[in-house]
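Chemist: can't give you the sequence, but here's the structure:
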């Protein structure tokens, strides 16, 4: 019984590691609520776009980077808006970061 518990624990850890690695460096298309990490979420020291994507009762926050994201910031700094985002997603510590290639208001 102890061996079965150890085996299940090891499999759970391994599957978590594999899923993180699978997302790293992946091109993504996201739709969610865009806002500013500093002004809207109060989680950053300087302005940065973020998009929050809901999947059931879980919300995932993606931090957006790059010139394309910065050019769109005036739309999200003091308000929230539903947005479509495309870019390359990587993991930076415990944050998901998207190097944005396209961002627009969702229709």
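Modeler: All right, it came through fine. Just so it is clear, the structure is predicted and the values come from calculations on it, not from any experiment.
Chemist: mind checking which helix or strand the residue nearest the centre of the chain is in?
Modeler: In the chain, the residue lying closest to the centroid (CA atoms, centre = their mean) is residue 62, at 2.0 Å. Using DSSP states H and E, residue 62 maps to strand 58-65.
Chemist: My reading is that residue 74 lies in a helix. Confirm?
Modeler: Yes: assessed with DSSP: H, G, I helix; E, B strand; the rest coil, residue 74 lies in a helix.
Chemist: How confident is the prediction for it, by pLDDT?
Modeler: Residue 74 carries a pLDDT value of 95.
Chemist: And it, how far from residue 59?
Modeler: 24 Å (CB to CB, to the nearest Å). For every residue, glycine as well, the C-beta is placed using N, CA and C.
Chemist: next helix or strand past the helix-or-strand element of the chain with minimal mean pLDDT?
Modeler: Ranking every helix and strand in the chain by mean pLDDT, DSSP states H and E puts helix 2-23 at the bottom, with a mean of 46. Note on helix 2-23: by DSSP H and E, the next helix or strand toward the C-terminus is strand 26-36.
Chemist: Nearest residue to residue 50 in space, ignoring adjacent ones along the chain?
Modeler: residue 37 (4.8 Å; CB to CB, 6 or more residues apart in numbering).
Chemist: I'd guessed the one you found sits against residue 52; true?
Modeler: No: in this structure, residue 37 is not within contact of residue 52 by CB atoms under 8 Å, at 10.4 Å.
Chemist: Quick check: residue 29 vs residue 77, distance?
Modeler: On the measure of CB to CB, residue 29 and residue 77 end up 23 Å apart.
Chemist: same thing with residue 31?
Modeler: For residue 31 relative to residue 77 (CB to CB), the value is 20 Å.
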